[in-house]
Every structure is written in structure tokens, then in C-alpha cells.
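> any chance you could fold what I've pasted below:
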Amino acid sequence: MKINRLILIETSSPGNLGAALRVAANFSVATVALVRPKVTLDDPIVDRWACGARQYVGIEVFDDLDGAAADSRTLVATASGRGRPDQPAVSPGEAIDAVAQRGPEGAALVFGSETRGMNRDDLDRCDLAVRIPTDPAFPVLNLTQSIAILLSHFAIARDPSDTNQPVPAPHHTVEALMAHLHTTLADIGYLDPDNPDRILRKIRRVFGRAGITENEATIFRGICRQIDWARNNPRDPESGPPGRFNQGSTQEDN
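Residues are numbered from 1 along each chain as shown. Take a look at the predicted model:
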């Protein structure tokens, strides 16, 4: 099973970046997206470690994960076993099964910086977090080692047969839904103003596990619009509930 996109966040070592490009070329990854890289692509060490790989891999640079992942449909993050024992994570095999069901064409592997890994906000934006099984006494792998291990797992896995599973919505659609949910749920007082992410993080995990589709995202946004409209247009309690297709809603299930 082929992965076409890697996303590297705040890579700080030119050697690691060059080696990552080499591994990407080894496994026919089409694009490496760099988010806020801490090294310059002009550094000769990058080319030295890449060993000519740059001619085989497209490189893009972004200011944030949302930009780098805008068109991706499944984001698979890497989570270290150190310091985050409560982070829900799957094995490489489970991640492969999930990507196979959703369709590998829109999948991207996401890796954090060498020193801090991925921050909580970026990790929340991913659909799955995969943890490579290592010795608990020394669980942290080098960036390029992690990339090579996961890409090799995916390469060994057979391409999925035709599946009737719906295609997940692209990342930018899910993020627009999450922003709408944040606003709507905050306006009706459902979110704790001091810690709104506690609930939103759980909602993200549900969407991530389910592989929410564009149509489903549209339905949820329609619900949010209906809530927004109802909040600003309180009805007469004698008139009964408003109709589903009034001015505050749209026919999302068409």
C-alpha cells in the first residue's frame, strides 16, 4: 500500500531532513510537506544526507498543519510512548487497516519535531495516532527511523481490494466543521469557557475514528446553523417546534 504524502512539522536537523527525503524517495512518496521547518533547504547537509533523493520527491513548505493537510482525507500521526501514556494510539497494523478501509489515496503520515514531537493541537487534528512498539525503557525513535518503519509497514501491506466504505471528507472540511461546532457550542454554553478543547477533543476523536464524510459534515454544519438560527429567533412556545427546512437550515441529506 503506497503512501503519497509525508508531513514533517518543525524539523530541526538538516541531516534528518535529508535522510527523510531519501526514505521518502525509497518508498515512492510523491510529496514531503514541511511545516515551519527549522532548517533551510539550501543547507548542503540536507543534500548530503538526501543522496540525490530531491529529484524524486516534491517538497512543499507551509505555515501550519491545516495548510499542509488541507486536501488529505486521513491523517496518521506518530505518538511517542514517552510522556503521553493517556494518548489513544493504535499499532502500525491497526493504522494500516484503518487507512485501507478509508482509501490510501488521501492518506498522509505526520511526524513532529525531533525534540518535542507533535504538540497537542496538531495531534488533535489527526484522525489516528500510531505508536511503534518499542522497549518501554527507551521508546523514542529517531525521526528518520520512524518514517522508515512506518513506510515499510505500509509498503508490505497489500493494496486494499475494492471497498464500499465511503470516502472521508478532506481535512479542510473537517476543520471548518470543528470551527463551527466550537462557535455554536460555546454560544449555547455547552463548552467550558476555561477548557473548551476538553469536549472538542472527544468530538474530534469520534470523527477521526468514523472517517466522517463530506455529506455527514454538511449535515452537522446544518445542525449548527439550525441551533444558531433558533438561538437568535426564539419561538413562541405555543407554536410547536420549528420545521426542519425553515430559514435556518438546508437540505443536507440531498
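
> quick one: mean pLDDT for the helix or strand containing residue 67?
Element membership of residue 67 [criterion: DSSP states H and E] is helix 65-68. Throughout helix 65-68, pLDDT has a mean value of 96.

> can you check stretch 212-225 too?
Stretch 212-225 comes out at a mean pLDDT of 94.

> tell me which residues in it are buried?
For stretch 212-225, the neighbour count (16 or more other CB atoms under 10 Å) marks 212, 213, 214, 216, 217, 218, 219, 220, 221, 222, 224, 225 as buried. Placement of C-beta: from N, CA and C, glycine included.

> which one of those is nearest to residue 118?
Residue 118 lies nearest to residue 212 out of these, by CB to CB, at 21.4 Å.

> my guess is the closest one contacts residue 168. True?
Yes: Residue 212 is in contact with residue 168 according to CB atoms under 8 Å; the separation is 6.5 Å.

> who's in contact with residue 20?
6, 8, 11, 32, 111, 143, 144, 147 (CB atoms under 8 Å, 6 or more residues apart in numbering).

> how about residue 183?
Counted by CB under 8 Å, 6+ apart, residue 183 has contacts residue 224.

> so where does it fall, helix or strand?
Here residue 183 is assigned to helix 171-187, by DSSP H and E.

> what's the answer for residue 219, then?
Per DSSP H and E, the secondary structure element for residue 219 is helix 214-232.

> sorry, back to before: so the next helix or strand after the helix holding residue 183 versus helix 171-187, what angle?
Sequence-wise, the next helix or strand downstream of helix 171-187 (DSSP H and E) is helix 197-210. Per axes from the mean of the first three to the mean of the last three CA atoms, to 10 degrees, the angle that helix 197-210 makes with helix 171-187 is 140 degrees.

> what residue spans form the domains of the chain?
The chain breaks down into these domains under automatic domain parsing: 5-156, 171-232.

> out of these, deepest packed?
Ranked by mean neighbour count, these are led by domain 5-156 with a mean of 18 (mean count of other CB atoms under 10 Å).

> just give me how far that domain sits from the chain centre.
Relative to its chain's centre, domain 5-156 lies at 11 Å (CA atoms, centre = their mean, to the nearest Å).

> where exactly do the strands run in this structure?
With strands called from DSSP state E, the chain shows them at 5-9, 31-35, 58-62, 74-78, 107-111, 128-130.

> who wins for proximity to residue 206 among these?
Closest among the strands of the chain, using CB to CB: strand 128-130, at 12.8 Å.

> returning to that earlier point: off-centre distance for the helix holding residue 183?
Computed by CA atoms, centre = their mean, the chain-centroid distance of helix 171-187 equals 15 Å.

> quick revisit: looking at the strands of the chain, spot the one closest to residue 172.
Once the strands of the chain are compared by CB to CB, strand 74-78 is nearest, at 11.8 Å.

> point out where the stretch 151-254 of the chain drops to low pLDDT.
160-164, 236-254 (pLDDT under 70).

> wait, I meant the stretch 1-150 of the chain
Checking the stretch 1-150 of the chain against pLDDT under 70 turns up 81-87.

> can you give me the helices for it?
14-26, 44-50, 65-68, 92-102, 120-124, 143-156 (DSSP state H, counting those that start in this stretch).

> isn't residue 113 right next to residue 10, touching?
Yes: if you go by CB under 8 Å, residue 113 and residue 10 touch, sitting 4.0 Å apart.

> what do the two both touch?
With CB under 8 Å, 6+ apart as the test, residue 113 and residue 10 both reach residue 38.
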